[in-house]
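# sequence unknown, structure follows:
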């Protein structure tokens, strides 16, 4: 009977490192979608501000069985050293989410024909954004870090149990 329990624990010891590695990879993969916008936001603190003319703006709707989600779209024109550029990024953390009312308020501030402040990279004016600040949504970026840390502990426990 002790042979059965020994081989059973050996199998689970082998599984823990695999589970740990999967959690580490998942945590790193998911965190990219949160870390990249944070790094972009930090880098954009050195970008130049300029007036831009809003060409088009609105709210895209994505409908599925879980309900509707929304995303802001925008197109704007600005001039740098006599050269015209067109941008289409509202903020660094894009994508669809709930909260139609907050997006509607934002779009009212960037209606076509209005002038807004946008920010551009002085080294590459093709890179521009209207809202360059951190979003509370980026706090979800800590969740993948938790997955990563749990993965490290599971991997360590699996290796140690062998």
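Ah, there it is. Bear in mind the structure is a predicted one, so any value in this text is a computation, not a measurement.

# All the strands of the chain, residue numbers only.
48-64, 67-80, 83-87, 115-121, 124-129 (DSSP state E).

# Measure how far the first one is from the centre of its chain, please.
Strand 48-64 has its average C-alpha position 18 Å from the chain's average C-alpha position, going by C-alpha atoms, centre = their mean, to the nearest Å.

# who's in contact with it?
If you take C-beta atoms under 8 Å, 6 or more residues apart in numbering as the criterion, strand 48-64 is touched by 68-80, 86-87, 96, 100, 103-104, 107, 110-120, 122, 128, 130. In this view, the C-beta of every residue, glycine as well, is placed from N, C-alpha and C.

# For the strands of the chain, give me a markdown table that also has distance to residue 30, mean pLDDT and mean neighbour count.
What follows is these, written out as a markdown table (distance: least, C-beta to C-beta, whole Å; pLDDT from 0 to 100; neighbours: other C-beta atoms under 10 Å):
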| stretch | distance to residue 30 | mean pLDDT | mean neighbour count |
| --- | --- | --- | --- |
| strand 48-64 | 20 | 95 | 14 |
| strand 67-80 | 18 | 95 | 17 |
| strand 83-87 | 28 | 98 | 14 |
| strand 115-121 | 27 | 96 | 18 |
| strand 124-129 | 23 | 96 | 17 |
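
# which one of those strands lies closest to residue 149?
Checking these against residue 149 by C-beta to C-beta gives strand 67-80 as the closest, at 29.2 Å.

# which other residues reach the closest one?
Residues contacting strand 67-80 (C-beta under 8 Å, 6+ apart): 48, 50-62, 84-91, 94-100, 103, 106-107, 110, 116, 118, 120, 125, 128, 130.

# let's go with 7 Å and repeat that
Identification of contacts with strand 67-80 by C-beta atoms under 7 Å, 6 or more residues apart in numbering yields 50-62, 84-88, 90, 94-100, 103, 106-107, 110, 116, 118, 120, 125, 128, 130.

# Next, format the strands of the chain as a markdown table and append distance to residue 15.
Shown next, in a markdown table, are the strands of the chain (distance: least, C-beta to C-beta, whole Å):
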| stretch | distance to residue 15 |
| --- | --- |
| strand 48-64 | 35 |
| strand 67-80 | 36 |
| strand 83-87 | 49 |
| strand 115-121 | 47 |
| strand 124-129 | 45 |
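
# So for residue 24, which of those sits nearest?
Comparison of those against residue 24 by C-beta to C-beta identifies strand 67-80 as nearest, at 29.3 Å.

# Mind splitting the chain into its structural domains?
2-39+142-161, 48-131 (automatic domain parsing).
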